[in-house]
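Asker: sequence plus predicted model, see below.
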Amino acid sequence: MIGVPWMLVNRSGGDEIYGYATLAATIVLFLLSPQIGIYIDRISRKKMLLGSELAGGTITLVFAIWGLYAGRLETWQLIAVYFSGSLYYSIHFPTQFAFTQEIFSKEQYKTLNSVLEVQNQSTSMIAGVSPA
């Protein structure tokens with residue numbers, strides 16, 4: 001989710017395309033969020049979490065192999081990866097937090113929630129570091 005926007009904005013007209021893609025993704029996810037919440041409450045949170053991991057990994061792998069095979073990714077492919085990543089995060093994090101609330105006591109959840117937040121922020125920061 002760091003590299004894809006970077007690749008988009010570095011293309012000719014990519015900053016405008018990225019802006020429209022972000023706006024469209026935000027609107028779609030805003031409209032889907034209530035339904036996502038309903039599914040998280042109705043479906044096994046463990047299955048929902050594992051399913052989101054499987055779907056997110058599969059989509060990422062398909063586009064990664066496609067990009068390696070073709071030697072590059074087209075703009076529409078980057079937008080698809082960006083949107084699918086945004087959808088993944090919109091499902092993953094609420095499900096993760098609901099699942100941890102379900103399986104841990106309130107005292108443990110508070111500590112675990114803090115640890116998960118540090119872990120999530122750390123991985124985002126590490127992913128943004130490029131070797132010199």
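Answerer: Nice, I can see it.

Asker: let me know the pLDDT of the residue of the chain positioned farthest from its centre.
Answerer: Relative to the C-alpha centroid of the chain, counting by C-alpha atoms, centre = their mean, Glu107 is the outermost residue, at 27.9 Å. Looking at Glu107, its pLDDT reads 78.

Asker: which ones are touching it?
Answerer: If you count contacts by C-beta atoms under 8 Å, 6 or more residues apart in numbering, Glu107 has none. From N, CA and C alone the C-beta is placed, and that goes for glycine too.

Asker: also the one 5 residues further on?
Answerer: With contacts defined as C-beta under 8 Å, 6+ apart, the neighbours of Leu112 are Thr100, Phe104.

Asker: what residues of the helix or strand harbouring it count as buried?
Answerer: Assigned by DSSP states H and E, Leu112 belongs to helix 106-127. Residues of helix 106-127 classed as buried: Tyr109, Leu112 (neighbour count, 16 or more other C-beta atoms under 10 Å).
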